[in-house]
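Enquirer: quick one: sequence and predicted model below, then my questions.
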Amino acid sequence: MSSTSDSNSNPLIAFSQNLAEIAENVGNSLVAINGQRFPCSGIYWHEGLIVTSEENIKRSEGVTVILPDGETSPVTLLGRDRSTDIAIFKTETSLPIAPIDSDCELKVGHLAIAVGRDSEKGLFVAQGIISTVGDSWRSSLGGYIDRFIRLDINFYPGSGGSALVNAAGKVVGFNTTGPRRSVLTIPAATINRVIDRLLETGNINRGYLGLGMQPVYLPDSLVDELSLNHRQGLMVVNVEAQAPAEQAGIILGDILIAIEDTSIARLRDIQAYLEPQNIGKTLKIQLIRAGLLKDVSLIIGDSGRNK
């Protein structure tokens, strides 16, 4: 019996063959990136551009990639954004552009195929499922990620920056390590947005306050005395010299409870105000000092000027 008739009659053979074809097709657009903190993969995203996970980037000079044909080629770092874990390299080598789908509707239980390239072993594939799909979220550094996508999949060495491929053979993002060694995917919509900004500026500066804070619960007596509608805030534990917060008059021990009349209780509540487009804008901050309410105006600084 021929292999064609076997695949037609046996769905497992057909599935296996389709999976191999998907890996081969996407693999033509994948490279292995050398000289980094950890082995990682890269995706040929646009003409002359390779995208990968920023957390794996150890240095910006002397970086090379292993191409699908096994040849080594130099690349140049064009930009990186730690907050969204995205880095882009420029290459003079032309490869097939990865088949990107930035509008893919992912659901829990969908097949997850991670395709990457190792500098020594070549192309590799891991198969699992999408275990969680959620709305937009912010990373610990405040980066805006369009969808929360977590995978139940084996994460081999070199999987950072590997392509998440759907059952249609389209790349819907790249894979990276999340908290507690979970596997997360940075979606294509986020990658496209950040690439545009990185190509303009080379980096993405975020808003800067110059504050160290930690969440605290307010005593019931203080909540009642000040007629507050919430019981949490952020206590200032550090104020950087000459930072926007110091210039606004914020001091150690202040408890921030609202920004622009919106209650705040967690650090992520502040991060939303620190997007690049807000640099230079004035924030109205309400805080508690010595048991009394106080309003201050703070001009958001530029993180790039304070490195």
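Expert: Structure received.
Enquirer: show me the contacts for the spatially most central residue of the chain.
Expert: Closest to where the C-alpha atoms of the chain average out (CA atoms, centre = their mean) is residue 84, at 2.8 Å. With contact taken as CB atoms under 8 Å, 6 or more residues apart in numbering, residue 84 is in contact with 54, 139, 143-145, 186, 190, 194, 204. Placement of C-beta: from N, CA and C, glycine included.
Enquirer: if you set the cut-off to 6 Å instead, what comes out?
Expert: 143, 190, 194 (CB atoms under 6 Å, 6 or more residues apart in numbering).
Enquirer: leaving out sequence neighbours, find the closest residue to the last one.
Expert: Take residue 194 and drop its neighbours on the chain: the residue closest to it by CB to CB, 6 or more residues apart in numbering is residue 86, 4.7 Å away.
Enquirer: what's across from that neighbour in the sheet?
Expert: Here residue 86 sits in beta bridges with residue 53, residue 81, as judged by DSSP bridges.
Enquirer: which SSE is residue 26 in?
Expert: Taking DSSP states H and E as the definition, residue 26 sits inside helix 11-27.
Enquirer: distance check, the nearest residue to residue 168 once chain neighbours are set aside against residue 186.
Expert: Setting aside the residues directly before and after it, residue 168 is nearest to residue 101 in space (CB to CB, 6+ apart), at 7.3 Å. Look at residue 101 and residue 186: by CB to CB, to the nearest Å, they are 14 Å apart.
Enquirer: higher neighbour count, those two?
Expert: Set residue 101 next to residue 186 and count neighbours by other CB atoms under 10 Å: residue 186 wins out with 26 against 16.
Enquirer: pretty sure that one sits against residue 172.
Expert: No - Residue 186 lies out of contact with residue 172 (CB atoms under 6 Å); the separation is 10.1 Å.
Enquirer: restricted to strands, list the contacts of residue 84.
Expert: Among the contacts of residue 84, DSSP state E puts none in strands.
Enquirer: now rank the residues you listed by neighbours and give me the top one.
Expert: Busiest of these [other CB under 10 Å] is residue 194, holding 26 neighbours.
Enquirer: which residues touch that one?
Expert: Residue 194 sits next to 81, 84, 86 when contact means CB under 6 Å, 6+ apart.
Enquirer: which one of the residues you listed sits closest to residue 219?
Expert: Proximity of the contacts of residue 194 to residue 219 (CB to CB) peaks at residue 84, which lies at 38.4 Å.
Enquirer: grab the nearest non-local neighbour of that closest one.
Expert: With sequence-adjacent residues excluded and distances taken as CB to CB, 6+ apart, residue 84 is closest to residue 143, at 3.8 Å.
Enquirer: same deal with residue 127?
Expert: Residue 127's closest residue in space is residue 113 (CB to CB, 6+ apart), at 5.6 Å.
Enquirer: pretty sure the one you found sits in a helix.
Expert: No - looking at residue 113 with DSSP: H, G, I helix; E, B strand; the rest coil, it is strand, so not inside a helix.
Enquirer: who's it bridged to?
Expert: Judged by DSSP bridges, the bridge partners of residue 113 are residue 127, residue 165.
Enquirer: wait, doesn't it sit right on residue 165?
Expert: Yes - the pair residue 113 / residue 165 is scored as a contact, 4.3 Å apart, by CB under 6 Å.
Enquirer: the helices in the chain, which residues?
Expert: Ranges of helices in the chain, per DSSP state H, are 3-9, 11-27, 188-201, 220-225, 244-247, 267-271.
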